[in-house]
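S.K.: Fold the following.
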Amino acid sequence: MDTQLKELTAEQENFFPDESFREAIDAGVFYGRKKSKTNPKMKPFIFGDRGGIEILDLGKTVEGMKEAAAFIKERAAANALLLFVGTQPAAQELVLRVAKEFNYPFVTGRWIGGTLTNFKTIAKRIDHLKQLRSDMASGALEKYTKKERLQIDREINRLTELFGGLELLTRAPDALVVVDTTAHETAIREALRLHIPVVAFINSDASPDEVRYPVVGNNAARKSIAWFLEKIRAAVLEGRASAPQGLPPGENAKGPEKTAA
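M.R.: This is a model prediction of the structure:
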């Protein structure tokens, strides 16, 4: 970190000298996009710039993260169904790890249009994948020729690549957790259309108005993404501690909750 950058981050830290702020600095969360790509609505989240690169206001980042974590904690305590989305190379493994830890559905490959707005059709494809896997495990496919089984194997692989992370998505999710809204515009549009709240890690090139809980930060770097997802993970853990026991995400004693408007 060069001298000017140290001065910029040190100046911010003087205003917010808590541990969460230091963690954000160490993770490089303060790096924005090029100034020329800044969304006009992001101006309030910009602290300054260094060589044409925006330096984000980490005070607002930490504040946004706390609000997002409080929401996730509340949803997890209600045993809500969360859908994690992150298809960028730097985010895929991290998103996959958190989603699998809590048995939440996820999208780390291509987002399929209609995943939310045409879920009935998507659900049929998921059920078809599950049935093929079940038939293979039970030996029901042995009656087919070798060529036919090879074709079925290819179909299973294709469907797994497209829908494998959605097998736990039994209905519309109660909320989305997204890394980078600009990379997932279709997912955001579908969530907005269905009034599904979104928690998102966004950078200076995005609009904060598109999501209910924006957390502004460097969503291009693995270390910074890990910082965001670890905060989400901690919130889920805390919420799960008081959630109904013995039920899969999205169910409780009163049945599935309705998506918040």
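S.K.: can we go C-alpha only for contacts and neighbour counts from here?
M.R.: Will do.
S.K.: where in this structure is pLDDT low?
M.R.: 1-18, 246, 252-261 (pLDDT under 70).
S.K.: Show me where the stretch 1-150 of the chain has its strands.
M.R.: 31-34, 46-50, 53-56, 82-85, 106-107 (DSSP state E, counting those that start in this stretch).
S.K.: Touching the third one from outside, list them.
M.R.: Judged by Cα atoms under 8 Å, 6 or more residues apart in numbering, the contacts made with strand 53-56 from elsewhere in the structure are 8, 29-35, 45-49, 204, 216-217.
S.K.: Partner strands of it, with direction?
M.R.: strand 31-34 (antiparallel), strand 46-50 (antiparallel) (DSSP bridges).
S.K.: Can you give me the buried ones in the last one?
M.R.: When burial is assessed from 16 or more other Cα atoms under 10 Å, strand 46-50 yields the following buried residues: I46, F47, G48, D49.
S.K.: coming back round to it: between the strands paired with strand 53-56, which gets nearest to A175?
M.R.: Proximity to A175 (Cα to Cα) singles out strand 31-34 among the strands paired with strand 53-56, at 25.6 Å.
S.K.: Residues in contact with that closest one: which ones?
M.R.: By Cα under 8 Å, 6+ apart, the residues outside strand 31-34 that reach it are G52, I53, E54, I55, L56, N203, S204, D205, G217, N218.
S.K.: By neighbours, which of those residues wins?
M.R.: Ranked by neighbour count (other Cα atoms under 10 Å), the contacts of strand 31-34 have G217 at the top, with 33 neighbours.
S.K.: wait, what's in contact with that residue?
M.R.: Taking Cα under 8 Å, 6+ apart as the contact definition, G217 lies against V29, F30, Y31, G32, L56, T61, F201, I202, N203, S204, S224.
S.K.: Quick one: those as JSON lines, columns for distance to T170 too.
M.R.: Shown next, in JSON lines, are those (distance: Cα to Cα, whole Å):
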{"residue": "V29", "distance to T170": "34"}
{"residue": "F30", "distance to T170": "37"}
{"residue": "Y31", "distance to T170": "37"}
{"residue": "G32", "distance to T170": "36"}
{"residue": "L56", "distance to T170": "38"}
{"residue": "T61", "distance to T170": "33"}
{"residue": "F201", "distance to T170": "25"}
{"residue": "I202", "distance to T170": "27"}
{"residue": "N203", "distance to T170": "31"}
{"residue": "S204", "distance to T170": "34"}
{"residue": "S224", "distance to T170": "31"}
